[in-house]
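Student: Everything below, folded, please.
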Amino acid sequence: MVLKRTNVYADDEDLNLIKEAAKRLGVSEAELIREGIHRIALARRVWDEPFVTDDETFDLGGPITREDVREAVNEAFGSGESRGPGRAA
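Tutor: Purely as a prediction, here's the structure:
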């Protein structure tokens with residue numbers, strides 16, 4: 001990979017966060033900045049073709065509710081002990 005130099009303006013607060021993270025992770029600040037640039041470039045990429053075609057998808061029969069998910073998990077793994085509504089299983 002060929003790297004090119006560029007200038008970027010950033011807030012002091014953001015630069016301090018990058019400096020702290022680089023020190024904690026044992027990598028250079030430049031490496032974190034390059035990773036951030038790469039991630040945002042991929043996140044904002046516009047593809048010429050759809051990721052999957054309509055032929056590669058299937059209809060799940062409408063919206064899936066929270067209860068539908070719970071039932072599917074219970075069928076697959078058993079209900080185990082109840083932790084009450086609204087709490088992580």
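Student: pLDDT weak spots in this structure?
Tutor: 79-89 (pLDDT under 70).
Student: I'd like to know how far Val8 sits from Ile37.
Tutor: Distance, Val8 to Ile37, by C-beta to C-beta, to the nearest Å: 9 Å. For every residue, glycine as well, the C-beta is placed using N, CA and C.
Student: Looking only at neighbour counts, state which of the two leads.
Tutor: Between Val8 and Ile37, counting by other C-beta atoms under 10 Å, Ile37 is the more crowded of the two (12 against 6).
Student: so the more buried one, which of the three states?
Tutor: helix (DSSP: H, G, I helix; E, B strand; the rest coil).
Student: Quick check: it vs Glu31, distance?
Tutor: Counting by C-beta to C-beta - Ile37 and Glu31 are separated by 11 Å.
Student: ok, now Val52?
Tutor: Taken as C-beta to C-beta, the span from Val52 to Glu31 is 33 Å.
Student: When the two are compared, which one has more neighbours?
Tutor: Neighbour count, other C-beta under 10 Å: between Val52 and Glu31, Glu31 has more, with 12 against 8.
Student: and the more buried one, what is it in contact with?
Tutor: Counting by C-beta atoms under 8 Å, 6 or more residues apart in numbering, Glu31 touches Ala22.
Student: Next, it: phi, psi?
Tutor: As for Glu31, its main-chain torsions (degrees, to the nearest 10) stand at phi -60, psi -40.
Student: go on, Asp55?
Tutor: phi -70, psi -20.
Student: Please save the CA atoms from stretch 43-62 in PDB.
Tutor: C-alpha atoms of stretch 43-62 as PDB (Å, rounded to 0.1, in the frame of the first residue of the first chain):
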ATOM      1  CA  ALA A  43     -18.800   3.400   5.600                       C
ATOM      2  CA  ARG A  44     -19.600   6.100   3.100                       C
ATOM      3  CA  ARG A  45     -18.800   4.100   0.000                       C
ATOM      4  CA  VAL A  46     -21.500   3.900  -2.700                       C
ATOM      5  CA  TRP A  47     -21.600   0.600  -4.500                       C
ATOM      6  CA  ASP A  48     -22.400   0.400  -8.200                       C
ATOM      7  CA  GLU A  49     -24.300  -2.800  -7.700                       C
ATOM      8  CA  PRO A  50     -26.500  -4.000  -4.700                       C
ATOM      9  CA  PHE A  51     -24.800  -6.200  -2.200                       C
ATOM     10  CA  VAL A  52     -27.400  -8.900  -2.800                       C
ATOM     11  CA  THR A  53     -29.900  -9.300  -5.500                       C
ATOM     12  CA  ASP A  54     -33.700  -9.700  -5.000                       C
ATOM     13  CA  ASP A  55     -33.200 -13.400  -6.000                       C
ATOM     14  CA  GLU A  56     -30.800 -13.800  -3.100                       C
ATOM     15  CA  THR A  57     -33.200 -12.500  -0.500                       C
ATOM     16  CA  PHE A  58     -36.300 -14.000   1.100                       C
ATOM     17  CA  ASP A  59     -39.400 -12.700   2.800                       C
ATOM     18  CA  LEU A  60     -39.500 -13.300   6.500                       C
ATOM     19  CA  GLY A  61     -43.300 -12.700   6.500                       C
ATOM     20  CA  GLY A  62     -43.400  -9.200   8.000                       C
END
